[in-house]
Structures are given as structure tokens and as C-alpha cells.
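Participant: sequence unknown, structure follows:
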Ligand SMILES: [Zn+2]
Ligand SMILES: [Zn+2]
């Protein structure tokens, strides 16, 4: 599908390419609202949808159902913190073998796979430890 070039869309795309924070639409909206007062949450959603359709960004739907956006189109795994909901890119070797195994075991023609690892990030681990030591006092 052809879309009219949009200044806002270009900036949203650039922002997503430069960050590895995997922001939600609301985060992107709040970020741009200061610089572009006329932007609305609807505009952000619409542009994200178009960028996704164009294959420029990917939408991550994670455990809590919140949609987060990723400007990195190379296949990579994610680490999701269950406490603060931070999403990190995880530079782990990509297991292409999984696709072949899955194809053998299913009747699917596998095109790709995605993996998200859930747990507690380093920051939150430290926080819990600190709180624990406070309680002991
Ligand atoms: Zn965390
Ligand atoms: Zn990512």
C-alpha cells in the first residue's frame, strides 16, 4: 500500500530506530507532545500501524497485553522484567534449528519464531534485596 510521506511518521520511525526501550504508543506520544504540540495519541497509533504494515517496525505483545514497539527489525530475543515491565534486547545467538524442529513436529511451514524471556531485571533484583535488608532492621 502507498502512503503519503509524513513528517510525524518519519520522526516516530527514527525515534524507534534509535531507542532500545521498546516504548508503548503512550510513551511515544508523551515524548513527542513536547516537541510537536499538535500531535495526538490517535496520530501516533495511526502512524505506528502504518509503519508496522510497511515492515519498518514490529509490535510486541507481551504477557500483560500491553503493546510495545520495536524499530529493530533483525530477529532478536527479548528479556521482560515482570516487575518494572522493562523490555531489553537480548543478544543471544538465534536458534534457527528451532524452526526446523518445529516444522518436523507440526504441519506448519514455519517462517520465524519469537522468544521472550520473563523474569526480574538486575535493577529490580537489587531493589528487593535492599527492601529485604531494611525490613530486618
Ligand atoms: Zn525490573
Ligand atoms: Zn527489541
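Facilitator: Perfect, thanks for sending it. Just so we're clear, the structure is a prediction, and the values are computed from it rather than from any experiment. Ligands and ions are numbered 1, 2, ... in the order given.

Participant: From now on I want contacts and neighbour counts done on CA atoms only, so please keep to that.
Facilitator: OK.

Participant: Can you show me the strands along the protein?
Facilitator: Counting by DSSP state E, the chain has strands at residues 58-61, 67-70, 77-81, 87-90, 116-119.

Participant: Would you list the phi and psi of the closest residue to residue 17 other than its chain neighbours?
Facilitator: Nearest residue to residue 17 in three dimensions, chain neighbours excluded: residue 71, at 4.5 Å (C-alpha to C-alpha, 6 or more residues apart in numbering). Backbone torsions for residue 71, taken as degrees, to the nearest 10, come to phi -90, psi 0.

Participant: looking at it, residue 71 is touching residue 12, isn't it?
Facilitator: No - applying C-alpha atoms under 8 Å as the test, residue 71 and residue 12 come out as separate, 9.5 Å apart.

Participant: between those two, which one's more packed in?
Facilitator: residue 71 (24 against 21; other C-alpha atoms under 10 Å).
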